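structure for this input, please:
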Amino acid sequence: MQTAIDKVLRAIYPPQCLACGDPTETESALCGPCWRDTPFITGLTCDVCGTPLPGEGGDDPVLCDDCMTTARPWAHGRAALVYDGRARRMILQLKHGDRTDLAPALAAWLLRAARPLLTPDTLVLPVPLHRTRLLRRRYNQAALLSAQLARQAGLPHRPDALIRPRRTRKLDGHDKAARFAALQGAIAPHPRHGAMLDGRDILLVDDVMTSGATFAAATEACHVAGARQVCIAALARVVKDT
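Take a look at the predicted model:
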């Protein structure tokens with residue numbers, strides 16, 4: 001129920017579109033044109049990485065070409081958006097533009113995509129940042145998303161279960177082989193907190209999936225710690241020819 005203070009605040013600060021700032025009817029929403037222009041992933045998707053696929057789905061899981069040729073250590077994966085256009089701009093604003101206010105809405109979209117992967121025992125984890133990168137950026141965008149997703153789903157969240165013991169170079173523009181080589185062994189269970197993963201179902205959360213190398217390194221770290229099953233959820237998936 002809206003209080004008097006809420007009504008006053010809403011009159012002073014009316015709801016605005018997350019993407020363009022135009023007026024909206026509700027908080028943390030997109031206006032009609034921005035909603036239409038945001039590349040949400042719907043319909044048939046790869047069961048392992050969440051990339052959209054042509055055609056209609058049946059009862060059996062379907063894999064994309066990449067997941068048929070590249071071994072994935074996780075069980076299932078989903079993504080909410082194609083990393084392009086308005087979705088890309090919002091994610092970059094979250095990641096580099098201090099738009100932490102975007103996290104609740106973006107996490108709600110991701111939860112909608114990832115909900116079929118969740119069990120009552122699922123533990124939600126973010127892909128970790130190296131401490132030097134975290135100090136420079138001041139927050140881990142994956143942890144903001146995973147915290148909001150866990151809260152909205154009513155699931156436990158442990159942002160400290162995994163660490164990056166060494167810093168990896170930026171991988172923009174590198175091919176798949178270089179990405180996997182750079183991330184080999186780059187993520188590990190936390191020396192004190194990693195034991196909490198033993199026997200648990202895990203949902204790993206990150207903002208963007210490109211080759212899957214980061215998710216693979218994080219998944220392998222979860223398995224080292226004894227996780228029962230690992231699934232992954234990326235807010236956005238880089239798709240070929242976008």
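
in this structure, where is pLDDT below threshold?
The model of the chain has pLDDT under 70 over residues 1-13, 169, 171-174, 241-242.

the helices in it, which residues?
In the chain, the helices defined using DSSP state H lie at 4-12, 32-37, 65-69, 85-96, 103-114, 131-137, 141-153, 176-183, 213-224.

which one of those helices lies nearest to residue 21?
helix 32-37 (9.8 Å; Cβ to Cβ). For the C-beta atoms, the positions are set from N, CA and C on the backbone; glycine is no exception.

may I see the buried residues of that closest one?
Buried residues in helix 32-37, counting neighbours by 16 or more other Cβ atoms under 10 Å, are found at residue 34.

ok, and what's touching it?
17, 18, 19, 20, 22, 85, 86 (Cβ atoms under 8 Å, 6 or more residues apart in numbering).

ok, of those, which come out buried?
17, 18, 19, 86.

the last one and residue 40 touch, don't they?
No. When contacts are counted by Cβ atoms under 8 Å, residue 86 is not listed as touching residue 40 (10.4 Å).

tell me which of the buried ones among the contacts of helix 32-37 is nearest to residue 197?
Among those, and counting by Cβ to Cβ, the member closest to residue 197 is residue 18, at 33.3 Å.

returning to that earlier point: which of the buried ones among the contacts of helix 32-37 lies closest to residue 182?
residue 86 (29.7 Å).

who touches residue 176 in this structure?
Residue 176 neighbours (Cβ under 8 Å, 6+ apart): 70, 211, 213.

at 7 Å instead, please
For residue 176, the contact set (Cβ atoms under 7 Å, 6 or more residues apart in numbering) comprises residue 211.

quick one on the thing from earlier: would you turn the helices of the chain into TSV with distance to residue 203?
Shown next, in TSV, are the helices of the chain (distance: least, Cβ to Cβ, whole Å):
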stretch	distance to residue 203
helix 4-12	33
helix 32-37	26
helix 65-69	18
helix 85-96	19
helix 103-114	7
helix 131-137	21
helix 141-153	8
helix 176-183	19
helix 213-224	10
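
any idea which of the ones you listed gets closest to residue 192?
Residue 192 lies closest, by Cβ to Cβ, to one member of the helices of the chain: helix 213-224, at 14.5 Å.
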